[in-house]
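1. no sequence for this one, just the structure:
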Ligand SMILES: Cc1cc2nc3c(=O)[nH]c(=O)nc-3n(C[C@H](O)[C@H](O)[C@H](O)COP(=O)(O)OP(=O)(O)OC[C@H]3O[C@@H](n4cnc5c(N)ncnc54)[C@H](O)[C@@H]3O)c2cc1C
């Protein structure tokens, strides 16, 4: 019998398990069907920004980034490899007012951010073409971090404090007494009793909760292309998410530049295991146009690799955080819709508070899993699918 069983050891599960053992929540067991951190957390682009529309995500991303930035004091083991390169969000004329309102809302929470004019954008990122760009939101302390190191750090710290971790232990079912979750059954038939069960299985959550609750998200395939700059060519400084051409660009290790192009016809996958890791045919040509539009000097850099993963995208592109509807002692934190990374240091602490009956430091009631059934959706300043 354990006090709390966390299913899934990605960024969400590892952060939650770490916070639970630090809070002295009793016997905590973390299960993963494969290697710890081997899900979508291993595939992230690594971008850290706090540019959001709604207070709950502004606060979670701000609190999460504080922890990334003060990893030694906050976690004390390993590193987040957080590098504040700066974050730029160029917008076209039609989105300037929405962007200004977002920036002002974020400033109201104390975030250092401002709206740049086109000439100010060039001071931050000289490589950027200003064609079609009317303004940009800028966070000087946005940047990049390393999910692999974060997960390893949380697990090492938590194992030292008594966390029980079992890898290659797939959960086949959650067990119940009436509506109350009582534990899990592993694929090998083993039953584990638990006082509380936390589902942190990202894109696999529909299978884990099959027959219990229909998880409201789509799996949207997303791809990261790796280009290698020829010697002498300058790499981009800031991590840039361009709302004009829909291309996202960052510098990575060595001379690599990572590129995501959001495509209108992005494939929806029905089951997470159907998402192939290699880049799909045609993706290279899909990135060349928007990349050339925004970063002309990078457009010809050769493609040397890349990968595909899945966004667990809810109808309002906000995560599902809280009690699984119509159950007791069963919690979910999933559906991060492609932008969970920088909030996970904070959401682990929030989940630990919720599961142990404390009031979380950040009010996450707008992320309640039953919100769509109640007719509530979080608004998005830039319209559907904008992830802000
Ligand atoms: C390509 C890509 C780029 C991204 N870029 C960014 C970015 O730049 N910035 C940002 O903020 N976010 C980004 N994200 C989003 C971010 O990576 C995710 O929000 C985050 O990794 C989700 O973590 P998770 O723990 O919910 O899921 P996962 O990391 O997928 O973890 C789920 C875990 O559950 C385990 N599991 C599944 N089923 C079972 C079972 N039956 N039993 C036991 N274990 C099970 C899996 O093995 C896995 O380890 C990106 C995502 C993708 C796919």
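-> Great, that's in hand. The shown structure was predicted, so the numbers you read here are calculated from the model rather than taken from an experiment.

2. test my guess that residue 107 contacts residue 101.
-> No: contact between residue 107 and residue 101 fails when scored by CB atoms under 8 Å: they sit 10.7 Å apart. All C-beta atoms are positioned from the backbone trio N, CA, C, and that covers glycine.

3. residue 32 - nearest residue in space that isn't next to it in sequence?
-> Leaving aside its chain neighbours, residue 32 sits nearest to residue 9 (4.1 Å; criterion: CB to CB, 6 or more residues apart in numbering).

4. so who does that neighbour touch?
-> 17, 30-32, 36-37, 151, 155, 165, 167, 200 (CB atoms under 8 Å, 6 or more residues apart in numbering).

5. can you pick the most crowded of those residues?
-> residue 17 (33 neighbours; other CB atoms under 10 Å).

6. which elements pack onto the one helix or strand that one maps to?
-> Per DSSP states H and E: residue 17 is located in helix 11-22. In terms of contacts (3 or more CB pairs under 8 Å, 6 or more residues apart in numbering; DSSP states H and E), helix 11-22 is packed against strand 2-7, strand 28-31, helix 147-160, strand 330-334, helix 344-355.

7. can you tell me how far the residue nearest to residue 32 sits from the ligand?
-> The gap separating residue 9 from the ligand is 5 Å, by CB to the nearest ligand atom, to the nearest Å.

8. helix, strand or coil: sort out that residue for me.
-> At residue 9, secondary structure determined by DSSP: H, G, I helix; E, B strand; the rest coil is coil.

9. now do residue 227
-> Residue 227, by the three-state scheme (three-state DSSP), is strand.

10. what residues are up against it?
-> 256-259, 298, 301-304.

11. ok, 6 Å please
-> Counting by CB atoms under 6 Å, 6 or more residues apart in numbering, residue 227 makes contact with 257, 301, 303.

12. are any of those buried, and if so which?
-> 257, 301 (16 or more other CB atoms under 10 Å).

13. pLDDT, secondary structure and distance to the ligand for the contacts of residue 227 - can I get that in TSV?
-> Below are those laid out as TSV (pLDDT from 0 to 100; DSSP: H, G, I helix; E, B strand; the rest coil; distance: CB to the nearest ligand atom, whole Å):
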residue	pLDDT	secondary structure	distance to the ligand
257	97	strand	14
301	96	coil	20
303	97	strand	16
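
14. out of the contacts of residue 227, who's nearest residue 338?
-> Proximity of the contacts of residue 227 to residue 338 (CB to CB) peaks at residue 257, which lies at 19.7 Å.
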